[in-house]
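>>> okay, here's the prediction I keep looking at, along with the sequence it came from:
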Amino acid sequence: MQKAKSYDYIVVGAGSAGAIVAARLSEDADCTVLLVEYGGGDSSVFIRMPSALGIPMNSKKYNWGFETAPEPYLNNRPMNCPRGKVMGGTSSINGMVYVRGNAHDYDEWESNGAAGWNYQNCLPYFKKFENHQCLNSEYTGNEGPVGISAGNNMRNPLYRAFIDAGVEAGYEETKDYNGFRQEGFGQKFMNVDRGIRASTSHAYLKRAKKRPNLTILKRALVKRIQFSDKTATGIECEIGGQTKVFDAQREVILCAGAIGSPQLLQVSGVGPKRTLKAAGIELLHELSGVGENLQDHLEFNFQYHCKQPITLNSELSLYKKALIGAQWLLFKTGLGRTNHFESCAFIRSRAGVKWPDIQYHFLPGAITYDGSVAFKGHGFQVHVGHNKPTSRGHVRVVSGDVKQHPEILFNYLETEEDRQGFRDCVHLTREIMAQPAMDAFRGQVIQPTAEVQSDEQIDAFVRDSVDSAYHPAGTCKIGVDSMAVVDAELRVHGLKNLRVIDASVFPTIPNGNLNAPTMMLAERGADLIKGRADTATTAVPVYLDEQWQDRQKERPPLRAS
């Protein structure tokens, strides 16, 4: 073991949060920052080209390759749980969908013990990192480092047809689901900057890495956190087969994600006594909530044949892919510049639900999310998921060796509330897709078939068909109760000089993709470290259906399902 250089701050993980934290801390020329990442560089064309998202997501080079234990409520299926292992982390392999979540999700955080994390306080930090290339309002940011665009602006008519079908079904059209009103149907935005994936590495580290006070270590595996009594003093790292210790004079900041951060705490002796004892790890500090409260989003696809030959299924031959790639390489235009999710919706599952708990992504093709399997012929699909789950799982180490993956169990669909949420997804989606706007395009249904009608049949279909949306969160939650891991300033309870800043600290999961809220959290977390976090001075209005207790949508459908 070699003693290496000392730094003021050590940031573990160069992903959606860590790249931002390191970049923001290193803006202060008087402090030194070490950013440690196990993966390598993100210069691959398959990372940078948005439409190639399925390649890095399925690559062992860029993906940690986590898998859950058999999920007891999904016919004991192990589920894929991809996490980024590269500069930019999961923001370099994800679907680039830009969704903040509902404003009320953050007020829910505060009501669950995350003091100060209400929507009005979080909004300035969303705006701080945004460079929105389509919208300009009091809800959006236009001068930040993260590019937000609309792909090809819904050039395919199927995108518009889906929005029109939603309006015909009784919902409103929303111009900005990240602004005043999430609820409704509208155009979707993505983390794509002038045709290039806008990962946090691309947005922040491209400039920050030139600073002399920022050191970036790639292909460095953090094995554990170093402590002196209850104070974090640094990290133990494996680099090229050698073990090195780096000291932190001020703080160690874990940004390893909802799987990696609780795992690192546990192998370092911080966590539930029972979990550590079973893994043969000496207890340093008992925190019962480390690795618990695990949440995720599930989704499945409604798929249909398309009557017109206008879908992405005609673009999947090697020849067509080569043409798409060539156009993107030369001009950053064409189908290569988009993630293909260009329209979307957020609705409430039933009367009595206060804000949206169902999310839709529309795709003008019939293909798996990661692009690995496509339907033969022309088809389209809409991804749908019940996004406010009540089921909870865990991440628990099985060994003191960080190279051995922990036990991951989400307990997907454990609760009746979650199962009912997916039944609602089936009924409501059928009504939407049956509207006149889809008549010119909607052919025979591929899945779920019309025979899937009863609760029992729907439950069986969902158990067989549902997939993770790859949004793990909650395993080091903010709060003050006995299961909380960090306080409102993201400091680990009972320990000094140690924070966690990533999606693991979310008390509850927002209704939307998690990259945007993770970036917001990192921006605000960096300011908390600096001692200058903003608080809202003027509140902006946010939408809430005044009759949410009595109705599920605002108008009856044009055509009944």
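Ah, there it is.
>>> restricting to C-alpha, output stretch 405-425 in PDB.
What follows is stretch 405-425, C-alpha atoms only, in PDB (Å, rounded to 0.1, in the frame of the first residue of the first chain):
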ATOM      1  CA  HIS A 405     -21.400  -7.100  -6.600                       C
ATOM      2  CA  PRO A 406     -23.800  -6.600  -3.700                       C
ATOM      3  CA  GLU A 407     -27.200  -8.300  -3.400                       C
ATOM      4  CA  ILE A 408     -29.700  -6.000  -5.200                       C
ATOM      5  CA  LEU A 409     -33.400  -6.600  -4.600                       C
ATOM      6  CA  PHE A 410     -36.100  -4.000  -5.600                       C
ATOM      7  CA  ASN A 411     -39.200  -6.100  -4.500                       C
ATOM      8  CA  TYR A 412     -40.900  -4.700  -7.600                       C
ATOM      9  CA  LEU A 413     -44.700  -4.800  -7.400                       C
ATOM     10  CA  GLU A 414     -44.700  -6.100  -3.800                       C
ATOM     11  CA  THR A 415     -47.600  -3.800  -2.900                       C
ATOM     12  CA  GLU A 416     -51.200  -3.900  -4.100                       C
ATOM     13  CA  GLU A 417     -50.900  -0.100  -4.800                       C
ATOM     14  CA  ASP A 418     -48.200  -0.800  -7.300                       C
ATOM     15  CA  ARG A 419     -50.000  -3.600  -9.000                       C
ATOM     16  CA  GLN A 420     -53.100  -1.400  -9.200                       C
ATOM     17  CA  GLY A 421     -51.000   1.400 -10.700                       C
ATOM     18  CA  PHE A 422     -50.100  -0.900 -13.600                       C
ATOM     19  CA  ARG A 423     -53.600  -2.100 -14.100                       C
ATOM     20  CA  ASP A 424     -54.500   1.600 -14.500                       C
ATOM     21  CA  CYS A 425     -51.700   2.000 -17.000                       C
END
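>>> centre of the chain to that stretch, how far?
Its chain's C-alpha centre and that of stretch 405-425 lie 17 Å apart, by CA atoms, centre = their mean, to the nearest Å.
>>> for that stretch, buried residues please.
Residues of stretch 405-425 classed as buried: 405-414, 418-425 (neighbour count, 16 or more other CB atoms under 10 Å). All C-beta atoms are positioned from the backbone trio N, CA, C, and that covers glycine.
>>> what are the ranges of the strands in the stretch 251-400 of the chain?
270-271, 285-286, 292-294, 298-306, 343-347, 358-363, 379-386, 393-396 (DSSP state E, counting those that start in this stretch).
>>> show me what the second one is packed against.
Yep, that's strand 285-286 we're talking about. Here strand 285-286 touches no other helix or strand, going by 3 or more CB pairs under 8 Å, 6 or more residues apart in numbering; DSSP states H and E.
>>> adjacent strands (with direction) for that strand?
Paired with strand 285-286 in the same sheet, following DSSP bridges, are strand 270-271 (parallel).
>>> so what touches the partner strand?
Residues outside strand 270-271 that contact it (CB atoms under 8 Å, 6 or more residues apart in numbering) are 225, 262, 265, 284-287, 290-291, 397, 492, 495.
>>> for the helix or strand hosting Arg524, give the mean pLDDT please.
When elements are assigned from DSSP states H and E, Arg524 belongs to helix 515-530. Taken as a whole, helix 515-530 carries a mean pLDDT of 98.
>>> name the helices or strands packed onto it?
Packing partners of helix 515-530 (3+ CB pairs under 8 Å, 6+ apart): helix 18-25, helix 119-129.
>>> what packs against the helix or strand following the last one?
If you walk from helix 119-129 toward the C-terminus, the next helix or strand you reach (DSSP H and E) is strand 130-132. With contacts defined as 3+ CB pairs under 8 Å, 6+ apart, strand 130-132 has these neighbours: strand 146-148.
>>> for the following helix or strand past the strand it packs on, what is the distance to the chain centroid?
Under the assignment DSSP H and E, the closest C-terminal helix or strand after strand 146-148 is helix 157-168. Here the centre of helix 157-168 is set off from its chain's centre by 26 Å, with CA atoms, centre = their mean.
>>> output the contacting helices and strands for helix 157-168.
So helix 157-168, by 3+ CB pairs under 8 Å, 6+ apart, packs with strand 184-187, strand 343-347, strand 358-363, helix 416-433.
>>> want to throw these into CSV with mean pLDDT and distance to Gly512?
Listed next are the helices and strands packed on helix 157-168 as CSV, based on pLDDT from 0 to 100; distance: least, CB to CB, whole Å:
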stretch, mean pLDDT, distance to Gly512
strand 184-187, 98, 13
strand 343-347, 98, 8
strand 358-363, 98, 6
helix 416-433, 98, 15
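>>> can I get the ones you listed in JSON lines including distance to Lys3?
Converted to JSON lines, the helices and strands packed on helix 157-168 look like this (distance: least, CB to CB, whole Å):
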{"stretch": "strand 184-187", "distance to Lys3": "54"}
{"stretch": "strand 343-347", "distance to Lys3": "51"}
{"stretch": "strand 358-363", "distance to Lys3": "49"}
{"stretch": "helix 416-433", "distance to Lys3": "50"}
